[in-house]
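**Student:** Kindly generate the corresponding structure for this input.
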Amino acid sequence: MKRIAVLTAGGDAPGMNPAIRSVVRYGTNKGLEVMGVFRGWWGLINEELKLFNHRSVSGIINQGGTILKTMRCSEFYTDEGQDRAYNTIKKHNIDALVVIGGNGSFTAADLFCKKYKVPCVGIAASIDNDINGIDTTIGSDTAINTALGAIDNIRDTATSMERVFVVEVMGRESGFIALKVALACGCEDVIIPERKLDLERVCHSIVNGNLRGKVSWIIIVAEGAGHAPDIAKDITQMTTLETRAVVLGHIQRGGRPTAFSRILAVTLGQAAVDCLLSGTTNKVMGMSNGKIIEIDFQIAIQKKELDVDRMYNLVKILT
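**Tutor:** Numbers count the residues shown, from 1 in each chain. Sure thing, here's the model as predicted:
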């Protein structure tokens with residue numbers, strides 16, 4: 001193996017840049033040439049890549065996002081798009097791929113690499129922490145801390161103005177961020193995709209709390225379970241209490257990665273290169289119980305089961 005390529009695909013996550021840096025610098029230290037592919041699978045299809053060196057990744061370890069950029073690419077799921085991507089790999093003498101991304105990225109990588117027999121290793125990076133078989137993905141800790149800081153600020157004004165706030169965080173299919181943030185912020189309620197929304201129960205709790213003298217209330221909602229403006233409007237109508245909605249949105253994807261996200265990223269970058277050099281392929285690198293592990297793509301892309309009931313119940317107990 002002489003030359004590898006690294007790309008970031010799907011949604012960006014804080015810590016992707018430290019992972020890129022690790023792959024490039026550790027790879028070159030091991031005698032490999034490392035090419036950076038821009039805009040994910042689109043870059044392979046359209047031949048947008050260049051050879052990286054040690055200096056190419058200087059000053060990026062503290063930056064959010066990804067210097068390689070990322071985008072959705074429906075063309076990659078066509079035979080023509082895949083053939084063009086493979087032709088790029090052959091033309092540039094690329095021996096293996098390192099794919100930094102999440103569930104969707106690994107689904108595409110598994111499909112492509114099996115079809116064309118291209119060695120490939122994934123590095124788990126997703127703010128949703130949705131990769132099956134591992135404890136934590138790159139970026140999830142940062143996203144939680146970003147949301148935490150914003151909600152701590154909202155708590156100040158909620159208390160001062162004696163209002164109910166509904167705060168929407170990311171999570172189309174998973175309540176991971178919402179549950180973690182609710183626990184860390186001491187929020188009064190949390191609405192997640194894994195549990196059916198019972199707005200009457202939520203409003204009943206708010207009214208009872210208000211009668212006891214509780215003058216502010218913060219409810220976290222994962223985007224896949226409902227929209228904060230709609231829920232806030234319904235709460236106002238049902239309780240007559242003034243309710244405000246805040247949608248945190250994409251600020252959770254940005255920002256400087258935390259120390260945990262950075263260290264995890266550089267560690268997994270090294271592990272990915274070692275994995276390829278050992279001849280192992282079609283694996284996702286992740287961490288479980290403090291140890292780096294390799295997981296088959298097919299296992300990694302399965303739905304991850306969260307300990308939803310335990311975390312949800314703890315939120316309610318501590319309210």
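**Student:** Just say helix, strand or coil for Pro193.
**Tutor:** Put simply, Pro193 is coil when judged by DSSP: H, G, I helix; E, B strand; the rest coil.
**Student:** what's the answer for Val121, then?
**Tutor:** Assignment for Val121 (three-state DSSP): strand.
**Student:** Does it touch Gly286 like I think?
**Tutor:** No: counting by CB atoms under 8 Å, Val121 sits too far from Gly286 to count as a contact (11.2 Å). Every C-beta, even on glycine, is put in place using the N, C-alpha and C of the backbone.
**Student:** Buried residues in stretch 212-226, which are they?
**Tutor:** Ser216, Trp217, Ile218, Ile219, Ile220, Val221, Ala222, Glu223, Gly224, Ala225, Gly226 (16 or more other CB atoms under 10 Å).
**Student:** ok, back up a step: Val121 and Gly286 - which one has more neighbours?
**Tutor:** Val121 (29 against 25; other CB atoms under 10 Å).
**Student:** and the more buried one, bridged to which residues?
**Tutor:** Val98, Lys283 (DSSP bridges).
**Student:** now the helices for the chain?
**Tutor:** With DSSP state H, the ranges of helices along the chain come out as 16-29, 41-45, 79-91, 103-116, 140-161, 176-185, 199-211, 228-239, 259-277, 297-300, 308-317.
**Student:** starting at the chain centroid, how far to the fourth one?
**Tutor:** Using CA atoms, centre = their mean, to the nearest Å, the distance from the centre of helix 103-116 to the centre of the chain it belongs to is 18 Å.
**Student:** and the angle for that helix with helix 79-91?
**Tutor:** If you take axes from the mean of the first three to the mean of the last three CA atoms, to 10 degrees, helix 103-116 sits at 70 degrees to helix 79-91.
**Student:** And for the first one?
**Tutor:** Counting by the same axes, to 10 degrees, helix 16-29 lies at 40 degrees to helix 79-91.
**Student:** Can you give me the buried ones in helix 16-29?
**Tutor:** 16-28.
**Student:** Would you format those as CSV with pLDDT included?
**Tutor:** CSV is the format used below for the buried residues of helix 16-29 (pLDDT from 0 to 100):
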residue, pLDDT
Met16, 98
Asn17, 98
Pro18, 98
Ala19, 98
Ile20, 98
Arg21, 98
Ser22, 98
Val23, 98
Val24, 98
Arg25, 98
Tyr26, 98
Gly27, 98
Thr28, 98
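**Student:** Surely Val99 and Ala9 touch.
**Tutor:** Yes: with contact defined as CB under 8 Å, Val99 counts as touching Ala9 (6.1 Å).
**Student:** Overlap in contacts, those two.
**Tutor:** The overlap between the contact sets of Val99 and Ala9 (CB atoms under 8 Å, 6 or more residues apart in numbering) consists of Ser105, Ala109.
**Student:** want to throw the buried residues of helix 16-29 into a markdown table with distance to Thr258?
**Tutor:** Putting these into a markdown table (distance: CB to CB, whole Å) gives the following:
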| residue | distance to Thr258 |
| --- | --- |
| Met16 | 13 |
| Asn17 | 13 |
| Pro18 | 11 |
| Ala19 | 14 |
| Ile20 | 17 |
| Arg21 | 16 |
| Ser22 | 16 |
| Val23 | 20 |
| Val24 | 22 |
| Arg25 | 21 |
| Tyr26 | 21 |
| Gly27 | 25 |
| Thr28 | 27 |
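**Student:** right, and the pair among the residues you listed with maximum separation?
**Tutor:** Greatest spatial distance among the buried residues of helix 16-29 (CB to CB): Met16 and Thr28, at 18.7 Å.
**Student:** residue contacts, the spatially closest residue to Gly269 that is not a sequence neighbour?
**Tutor:** Of all residues not flanking Gly269 in the chain, Ser22 sits nearest, at 2.6 Å (CB to CB, 6 or more residues apart in numbering). For Ser22, the contact set (CB under 8 Å, 6+ apart) comprises Ala265, Val266, Thr267, Leu268, Gly269, Gln270.
**Student:** measure the fourth one to Ile94 for me?
**Tutor:** Okay, so that is Leu268. As for Leu268, its distance to Ile94 is 20 Å (criterion: CB to CB, to the nearest Å).
**Student:** quick one, which of those two is more surrounded?
**Tutor:** Each of Leu268 and Ile94 has its neighbours counted (other CB under 10 Å); Leu268 has more, 31 against 22.
**Student:** what's near enough to touch that one?
**Tutor:** Ala19, Ser22, Ile123, Ala124, Ile138, Met285, Gly286, Met287, Ile292.
**Student:** Adding distance to Glu194 as columns, could you present these in a markdown table?
**Tutor:** Below are the contacts of Leu268 laid out as a markdown table (distance: CB to CB, whole Å):
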| residue | distance to Glu194 |
| --- | --- |
| Ala19 | 29 |
| Ser22 | 34 |
| Ile123 | 27 |
| Ala124 | 21 |
| Ile138 | 23 |
| Met285 | 27 |
| Gly286 | 22 |
| Met287 | 24 |
| Ile292 | 29 |
